[in-house]
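Visitor: Mind looking at a prediction? Sequence and model below.
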Amino acid sequence: MTIIHNRPLDDIAETAPTLGGNAFTRAFSGGSLWRLIGMLVLILLLGFLTIYPLAMLLYGSLHSTPPGMAGEFNLNGYRSIMTTQNLIVLANTVGISLAKTIPSLTIAVFLAWIVARTDTPFRGALEVLITLPFFIPPILTAMAWGMLANPQVGVINMVWRWATGATDPLVNIYSYGGVIWHMCQYSIPFLFLFMVDAFRAMDPSLEESSRMCGASRWTTFRKITLLLMLPVLTSSFMLSFIKGIETFESALFFGLPAGIKVITTDIYESINHRATPDYQYATSLSFAIMGLMFLLVIWQWWMLRGKSFQTVTGKGFRPSVMELGPWRWVTFAICLMFFFITVVLPIGQLMLGSFFRFFGFYTYDMLTLEHYRAVFANSEFWRAVRNTMMLGLLGATATMALGAIVAYISVRTRWRGRSLIDGMAWLPWMMPGMVLGVGFLWAFAMLPGPIPIYGTVWALLLAYIALGTPVSVRVMTGAYHQLSYDLEECSRVHGASWFQTMWRIMVALAWPAFAVGWVLTFFGIMRELSASILLYSVGSETLAVVLMKLWANGNAEQVSVIGLMMMLLVIVFRWVQLSFIKSRISKL
Amino acid sequence: MTTNTSMTSVIQKTSAIQTWSRRFFMAAVGSLAISAAAGMPAFAQDAEWQKVIDAGKKEGSLVLYTALVGQPSTKQIAEAFTKQYGISVEVLEARASEIRERVRVEQAAGRFAADVMFTSEGQTMLYDKEDKSVDPLPVTPNSQKIGDKFKLKVPMASVMTIPYGIMINTGLVKPADEPKSWKDIADPKWQGKILSDDPRAIGAGYLWFFSTYDKIGEDYVKKVASQKLVFTRDQRESQRRTARGEYSIYMPVIMTDFSDLKGLPVKFIIPEEGVPYVLYGNVMLKKAPHPNAAKLYLDFMQGPVVQKIYAGLGYGPVLGGMTEGLPADVKAISEAKLYGTTDTTRQNEMLAKSKDIFK
């Protein structure tokens, strides 16, 4: 009962009736020629966004000099990465990433289940609040945790010493544990956001049937809930694991003092801390990692092949929640504890610090509003806000639209080339951001003169779309996996056109996922620095660039003020989105 | 014949006039040559420079790339420049390696967008030798007035030096124990108490390593390495961490940051040996779209207006007499004895050494 074997998908897509309408409609709905053209356009677009910059990087890895400089083709880059030391660093990196992904995924699944499938009190507010750290620039949470958990004068250790009389510190953030913990601050909310709507969209009758057949709550959770979530869970695992391999802020901040090395700090050093940036080394190393990551994608394809995970079907869908009785206060307490540790502690520090002249010096005479005044009076900040808002709105919408189309084709059709576009959409996720940023720089600057992309906001926009596509495709893939084909067939049988069906069924039913993906992409754009710093032009600074400048000049408190404002924006976005979902669900 | 006679008389007359006028001319030139040497050529140069000024004003704008990120002084200087010449300045900031790659790629693709790059001496050598992305330096009125040691072989118009020293937490270090020199850092009493910028990667820590290795010696550096230094790569956050009491000493610290930390329990110390420094200046980028405005900017940065701005912030000016009247603490930092800086040609060798010593 857990997994339903699929009937041939070809029946659905290949035999779809040809309908009239305009050329665009026909491109996706009708005759194979138009479909071919539609696919071709999509492949070209994705090719430009992902393959082209990667091809430039591949050139960089195989050439003794970066593009535009005289040199020769050789394999020195790949030869130079084949060292025992790199192998140890790789093992270390994989270990750290696994050590953060597995607990993060477990906690995120548990939290998503609590919020989406149980009657835990205040779960609406908790849903917004427990995700907040994700939206704060990593450098700020790193600073906050540095203040809370450094072994010498960290607040947690001071309290511990005072309470127990111990001399040794309780926690030390400058350690493996610290690196992993800081990464978890980002992966738990991300995974939670990524999965929560999939949990919500599950038909509880499946769980109820299991319970009626005598399975315990735990068995039901394990055998029904989790297995039905397999596409979302495997996607989550991969997104998080790959990100874990590529993150470098945590390792740089907390790992370096403890002598912990990961692949990305090595890449970072080869670009930023050598006399001459060694792009051949950096790109070769990145491609080697990318090759390894792609094995994971193939593993996921193999695992999900030929299985169906539909939970939203034509038979009455009744998204109800499990009644936990008095246990709901236990789940509430767990959420509250999580909220306190991961949100209140670090963000409380940032909030408190923003009202004092210096972080960590909380005396009466240091109280001030000067950081808020400075931020509000900073014209460059406001210009960056306008630029970033425009890029965020446009970029997130375009990225999600592209992601929805790619996901639809790869999950719900048998069109030729669907695996290709699905694979292409993964690529940007597998390249460390700072290397991919260089790829975009090379790609856009080297375009023939008359194509005016480099030096304009379009360069930023295109880079953001490329960077956001992996998440948007994954989010939408997870949602589409859950929708039954009979919904589509039913709509088409009743005479709706392909686009009407797409809109009324595929968009309307998948839009909570679309909205979450949109928020993730929007804030991804807001935080993106690696590509932005290489592509922005005078006057088109983004918020991340302004934050970097303020940070570089030692204005950590002003950076916090902006970080807190970004967080406020998240609360507004999420609140609007969730109250929308609520009103939709009550109408269903 | 008559013609000949008359011709001869004309010639004689003429030659008499010529002789006279030659004498007069010689005398005139002589007297002018005395007033000299100074006056005349300067007039000529002034006229030449005036042409640059006019052409620069006509160009109307300037695109400046800078590797000195986040400094409010950049905007202040740009505004002063606009006020003087009516030329607007557009500034693009990014870290050294990022902005260098941008310039290289832009030029390779035939997009000559920037006029001037504000960067370090070491980077200039790479721009010049490896990327070949810079033009030779123009001779401008102010370029001749700067201190001789700041007139470089590489095509960079020197502007100021960034000095690096030692920072202590005054709550943790008693006045009697304060380190006074770089040598004091090697005292075993500081074991485990020093937060240091990472000397194994290009940056402040490496600058310290380079200058002390050269001037004090390998034994000294090895002694410091045995102090169990804790490494970091974030200058400003490390200053705060030391201020909060995580460590007694942070080194090497950017001395000019002292004014940002006023009110915190920290003290900035100028080591007795002197301050390792990074020399910053401007380079003219190849095929600059506003070459005359660029020349004006290079000149302006070496003039008293900008030199005073930098001296007032504690940076070392390249023009003499700029520290007059400054508050004592700023003056001391701005005038601190320059100890040593890095040499790009020895970068790989020295980085390898540092990695070997500070495993």
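Guide: Thanks, I have it.
Visitor: From now on I want contacts and neighbour counts done on CA atoms only, so please keep to that.
Guide: OK.
Visitor: show me what contacts whichever residue of the stretch 1-150 of chain A sits closest to chain B?
Guide: Going by CA to the nearest CA, chain B is nearest to A:Gly68 of the stretch 1-150 of chain A, at 5.0 Å. Neighbouring residues of A:Gly68 by CA atoms under 8 Å, 6 or more residues apart in numbering or on different chains: B:Val105, B:Ala108, B:Ala109.
Visitor: Quick check: which ranges of the chain have low pLDDT?
Guide: No chain in the question, so chain A it is. Residues of chain A meeting the criterion pLDDT under 70: A:1-31, A:203, A:306-320, A:506, A:581-582, A:584-588.
Visitor: I was thinking of chain B, sorry if that wasn't clear
Guide: Low-confidence segments of chain B (pLDDT under 70): B:1-44.
Visitor: what are the ranges of the strands in it?
Guide: Using DSSP state E, the strands of chain B run over residues B:61-66, B:88-93, B:116-120, B:157-169, B:194-197, B:230-232, B:249-254, B:266-269, B:275-284, B:316-317, B:338-340.
Visitor: Can you tell me, leaving aside adjacent residues, what's nearest to B:Ile99?
Guide: B:Ala67 (6.7 Å; CA to CA, 6 or more residues apart in numbering or on different chains).
Visitor: Repeat that for B:Val266.
Guide: Spatial nearest neighbour of B:Val266, chain neighbours left out: B:Asn169 (4.5 Å); criterion: CA to CA, 6+ apart.
Visitor: what about the closest residue to A:Arg123 other than its chain neighbours, how many residues close to it?
Guide: Leaving aside its sequence neighbours, A:Arg123 sits nearest to A:Val115 (CA to CA, 6+ apart; 5.3 Å). When neighbours are defined as other CA atoms under 10 Å in any protein chain shown, A:Val115 has 27 of them.
Visitor: could the strands of chain B be laid out in a markdown table, adding mean neighbour count?
Guide: Below are these laid out as a markdown table (neighbours: other CA atoms under 10 Å in any protein chain shown):
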| stretch | mean neighbour count |
| --- | --- |
| strand B:61-66 | 24 |
| strand B:88-93 | 20 |
| strand B:116-120 | 26 |
| strand B:157-169 | 26 |
| strand B:194-197 | 24 |
| strand B:230-232 | 21 |
| strand B:249-254 | 26 |
| strand B:266-269 | 22 |
| strand B:275-284 | 26 |
| strand B:316-317 | 30 |
| strand B:338-340 | 19 |
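Visitor: List just the one of these that sits closest to A:Ile562.
Guide: Nearest to A:Ile562, of all the strands of chain B, is strand B:88-93, at 19.7 Å by CA to CA.
Visitor: by contact count, what packs against the strand or helix carrying A:Val128?
Guide: Secondary structure assignment for A:Val128, by DSSP states H and E: helix A:123-129. Helix A:123-129 sits against helix A:84-117, helix A:327-339, helix A:556-587, with contacts defined as 3 or more CA pairs under 8 Å, 6 or more residues apart in numbering or on different chains; DSSP states H and E.
Visitor: what angle sits between the longest one and helix A:327-339?
Guide: Put simply, helix A:84-117 runs at 140 degrees to helix A:327-339, going by axes from the mean of the first three to the mean of the last three CA atoms, to 10 degrees.
Visitor: for helix A:84-117, packing partners?
Guide: With contacts taken as 3+ CA pairs under 8 Å, 6+ apart, helix A:84-117 sits against helix A:123-129, helix A:176-200, helix A:230-246, helix A:263-272.
Visitor: ok, back up a step: can you give me the distance of the residue nearest to B:Val266 to chain A?
Guide: 13 Å (CA to the nearest CA, to the nearest Å).
Visitor: quick one, what contacts that residue?
Guide: Contacts of B:Asn169 by CA under 8 Å, 6+ apart are B:Thr242, B:Ala243, B:Gly245, B:Tyr247, B:Ser248, B:Ile249, B:Pro265, B:Val266, B:Lys267.
Visitor: Spatially, which residue comes closest to the fourth one, not counting chain neighbours?
Guide: Closest residue to B:Tyr247 in three dimensions, ignoring its sequence neighbours and counting by CA to CA, 6+ apart: B:Lys193, at 5.2 Å.
Visitor: just the helices in the stretch 1-150 of chain B please.
Guide: B:2-59, B:72-85, B:96-108, B:121-126 (DSSP state H, counting those that start in this stretch).
Visitor: Please name the residues that touch residue 258.
Guide: All of this is about chain A. A:Ala258 makes contacts with A:Tyr174, A:Ser175, B:Val230, as judged by CA under 8 Å, 6+ apart.
Visitor: To clarify, I was referring to chain B.
Guide: With contact taken as CA under 8 Å, 6+ apart, B:Phe258 is in contact with B:Lys267, B:Phe268.
Visitor: Who are the packing partners of the following helix or strand past the helix holding A:Val128?
Guide: Per DSSP H and E, the first helix or strand lying C-terminal to helix A:123-129 is helix A:138-149. Packing partners of helix A:138-149 (3+ CA pairs under 8 Å, 6+ apart): helix A:155-164, helix A:249-250, helix A:345-353, helix A:556-587.
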